[in-house]
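Visitor: Show me the folded form of this:
(chains A, B, C and D)
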There are 2 protein chains.
Amino acid sequence: MPELPDLAVFAENLQARLQGRTVLSIECNTVNNLTPAELQEAICNSSIAAVRRVGKEMAFIFSNRATLLVHLMLRGEFAIVTDPHIVDYRVVTLRFEDEALVVSDPKGQVVLKLNPPTSSVPDALEVGSAYLRKKISERPRKQVKAFLIDQSLLRGIGNAYVDEILWQARISPKSIIGKIPDYTIDVLLTSIKSVLTDAIEQIKQRSPQAISGEVRDFLRVHNPRRSQSPTGYPIMTEKVASRITYFTEEQVLFG
Amino acid sequence: MPELPDLAVFAENLQARLQGRTVLSIECNTVNNLTPAELQEAICNSSIAAVRRVGKEMAFIFSNRATLLVHLMLRGEFAIVTDPHIVDYRVVTLRFEDEALVVSDPKGQVVLKLNPPTSSVPDALEVGSAYLRKKISERPRKQVKAFLIDQSLLRGIGNAYVDEILWQARISPKSIIGKIPDYTIDVLLTSIKSVLTDAIEQIKQRSPQAISGEVRDFLRVHNPRRSQSPTGYPIMTEKVASRITYFTEEQVLFG
DNA sequence: GCCCCAAACAACGA
DNA sequence: CTCGTTGTTTGGGG
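Guide: Below you'll find the model as predicted:
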């Protein structure tokens, strides 16, 4: 499944291709208590004003100020096609004049939200040091990996990039977050931003038009293709925070 | 720390010695949001009408219907003395005409409650088979030891007597409670009552005047002095439900 | 060993 | 590998 950097690229590309387009009709079944009629009522005949990533979700913002939030979950995908019927497992189809945006999902787990309340949880690319320290002080005993992927604390970091971030910061995923020294929290914050923005650039270079799929070959430790980190340490694999985790001995264990 | 049978004996003895006595003054610090002033207001100049054990707590019931509930936690003790100052770590002192009841605790963990709402959780000596089966069906996956010492399900059983009860019933502490057959639940219920009431009798015989301390030498398996159960099986030690547990191979593992 | 609470963990469904 | 929720277990701190 795509993570934050993939979704950021998808957002740009979806916006480039769909901005200004008017939704002529909608096809969907009821998903998460959202009925086709509600969706119809809310966005039909409106045009797409913007497409933005927010956390791990895609926000389609319409000219009438309605917002449709899409979470792809494990297997959801976006596609822009002339004939929607060629796409299997369609969840929602927005038809424009000559083509259509299809959200599909073979597992049927995609989550749709219409005009949800705005979240107070910061996005990983926006988070500040004061917020991070406040949340750390509220949950000092959490493992740093569990902390970073907890979407109720910080939005957008998933299982692949958290390993990259922690390797970049040289912090063991099993560290107890409250035991990480202040200075190292600064390093962590910097790593969050740099790993994610670098990945966005990598993905743009490799898949400039992507609105689906994922590019992972450049990951430095969370990468089954690699046995060593860029600095030559063997990559170890272990479950941490209930997830398969790639890390090396370079990463300091705090606590 | 005393468990249910010890506390049952203490209750009898405290009542025998204090019933009818009038509280002339109280000394304490604020404990659990209960201020000295509140306590003073509630029970000063009242007399002790009864002393009863309830779960692992001691209830001092006053002539004005006020109730003071005392939980001794790990190291709390009762003492009746003429000079309270000889007792270290005093938490509460109720002065009567010629002597005083002191609750002391070197760890400061004693819990006091004034007129608490009456609990709907049955005491281990009162529990019926219907209640037990209902709770089992609500939490069928809990280990039987964890179930029995959970004070929100059943009040009064602690880490020592639960081992005695389970040995008596020949049920392994690691059994999954929902997998224990109906008939064996009856055996368990009978064991709860018989182990506890027998222990009360044992303690009365050995320490007829006790209002503190604990007698444990007669325990058949939860007893560091013994290496074999009465039937000659070696006693094993293991953590179960996060507690040191004594048990033998005689005890059937269900589930 | 007491209790409470946060966190970890597994299972399940969507 | 997603996010919820629920129930259970575990560990720390008072």
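
Visitor: What average pLDDT does the longest helix seen in chain A get?
Guide: Secondary structure of chain A per DSSP state H: the longest helix is helix A:182-206. Taken as a whole, helix A:182-206 has a mean pLDDT of 96.

Visitor: Just the buried residues of the helix or strand that it is followed by, please?
Guide: Per DSSP states H and E, the first helix or strand lying C-terminal to helix A:182-206 is strand A:236-240. Buried residues in strand A:236-240, counted by 16 or more other CB atoms under 10 Å in any protein chain shown: A:Val240. Backbone N, C-alpha and C define where each C-beta goes, glycine included.

Visitor: Look at A:Ser152 and tell me its secondary structure.
Guide: coil (DSSP: H, G, I helix; E, B strand; the rest coil).

Visitor: Against A:Leu4, how distant is the nearest residue to it once chain neighbours are set aside?
Guide: Using CB to CB, 6 or more residues apart in numbering or on different chains and skipping the chain neighbours, the partner closest in space to A:Ser152 is A:Val121 (6.2 Å). Distance of A:Val121 to A:Leu4, given as CB to CB, to the nearest Å: 14 Å.

Visitor: returning to that earlier point: correct me if wrong: the residue nearest to A:Ser152 contacts A:Gln151.
Guide: Yes. Contact criterion CB atoms under 8 Å: A:Val121 and A:Gln151 qualify, at 7.1 Å.

Visitor: Identify the contacts common to the two.
Guide: Listed as contacting both A:Val121 and A:Gln151 by CB atoms under 8 Å, 6 or more residues apart in numbering or on different chains are A:Gly55.

Visitor: Spell out which residues of chain A are next to DNA strand D.
Guide: Proximity of chain A to DNA strand D (CB under 7 Å from any atom of the strand) is limited to residues A:1, A:56, A:71, A:73-74, A:109, A:111, A:141, A:149, A:151-152, A:158-159, A:243-244.

Visitor: Can you name the residue of the stretch 101-250 of chain A nearest DNA strand C?
Guide: Taking CB to the nearest atom of the strand, DNA strand C has its nearest neighbour within the stretch 101-250 of chain A at A:Arg139, 3.0 Å off.

Visitor: And for that residue, the neighbour number?
Guide: 13 (other CB atoms under 10 Å in any protein chain shown).

Visitor: again, but for the one 3 residues further on
Guide: In terms of burial, A:Lys142 registers 19 neighbours under the definition other CB under 10 Å.

Visitor: A:Glu41 too?
Guide: 12.

Visitor: For it, give me phi and psi.
Guide: phi -50, psi -40 (degrees, to the nearest 10).

Visitor: Pull out the buried residues from stretch A:232-249.
Guide: For stretch A:232-249, burial by neighbour count (16+ other CB under 10 Å) applies to A:235, A:240-241, A:243, A:245-248.

Visitor: Of the residues you listed, which are in range of DNA strand C?
Guide: Checking the buried residues of stretch A:232-249 against DNA strand C (CB under 7 Å from any atom of the strand), the matches are A:Ala241.

Visitor: Please name the residues that touch A:Arg139.
Guide: Applying CB under 8 Å, 6+ apart, the residues contacting A:Arg139 are A:147, A:153, A:177-178.

Visitor: Show me these that map onto helices.
Guide: Counting by DSSP H, these contribute A:Phe147 to helices.

Visitor: Check the contacts of A:Arg139 and tell me the two furthest apart.
Guide: A:Leu153 and A:Gly178 (13.6 Å; CB to CB).

Visitor: more neighbours, the two?
Guide: For A:Leu153 versus A:Gly178, neighbours defined as other CB under 10 Å are more numerous around A:Leu153 (20 against 16).

Visitor: And the pLDDT at that one?
Guide: At A:Leu153, the model reports a pLDDT of 93.

Visitor: How about A:Arg133?
Guide: pLDDT, A:Arg133: 94.

Visitor: what kind of secondary structure is A:Phe254 in?
Guide: coil.

Visitor: Let me know the distance separating A:Leu24 from B:Gln109.
Guide: Counting by CB to CB, the gap from A:Leu24 to B:Gln109 is 70 Å.

Visitor: A:Arg170 reaches A:Val252, doesn't it?
Guide: Yes. Between A:Arg170 and A:Val252 there is a contact at 5.9 Å, judged by CB under 8 Å.

Visitor: follow-up on the earlier one: what's the overlap in contacts for A:Val121 and A:Leu4?
Guide: Looking at what touches both A:Val121 and A:Leu4 (by CB under 8 Å, 6+ apart), the common residues are A:Gly55.

Visitor: partners of A:Ser104 in the sheet?
Guide: Under DSSP bridges, the beta-bridge partners of A:Ser104 are A:Glu77, A:Arg90.

Visitor: That one and A:Ile86 touch, don't they?
Guide: No. A:Ser104 is beyond contact range of A:Ile86, at 10.5 Å (criterion: CB under 8 Å).

Visitor: Look at the two and report which has more neighbours.
Guide: A:Ser104 (21 against 10).

Visitor: From A:Glu27, how far off is the more buried one?
Guide: 12 Å.

Visitor: wait, is A:Ile48 part of a helix?
Guide: No. With three-state DSSP as the criterion, A:Ile48 is strand rather than part of a helix.

Visitor: hang on, isn't it packed against A:Phe60?
Guide: Yes. At 6.1 Å, A:Ile48 and A:Phe60 qualify as touching, with contact defined as CB under 8 Å.

Visitor: re earlier: kindly reformat the contacts of A:Arg139 as a markdown table and extend each row with distance to B:Leu125.
Guide: Putting the contacts of A:Arg139 into a markdown table (distance: CB to CB, whole Å) gives the following:
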| residue | distance to B:Leu125 |
| --- | --- |
| A:Phe147 | 46 |
| A:Leu153 | 46 |
| A:Ile177 | 46 |
| A:Gly178 | 44 |
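
Visitor: Return the closest of the contacts of A:Arg139 with respect to A:Arg95.
Guide: A:Leu153 (38.4 Å).

Visitor: Now do the same contact list for that closest one.
Guide: By CB under 8 Å, 6+ apart, A:Leu153 lies in contact with A:121, A:135, A:139, A:147.

Visitor: so who does A:Ser207 touch?
Guide: A:9, A:213, A:215.

Visitor: A:Phe78 contacts A:Met58, doesn't it?
Guide: Yes. The pair A:Phe78 / A:Met58 is scored as a contact, 7.5 Å apart, by CB under 8 Å.

Visitor: Which residues are in contact with each of those two?
Guide: The contact lists of A:Phe78 and A:Met58 share A:10, A:14, A:72, where a contact means CB under 8 Å, 6+ apart.
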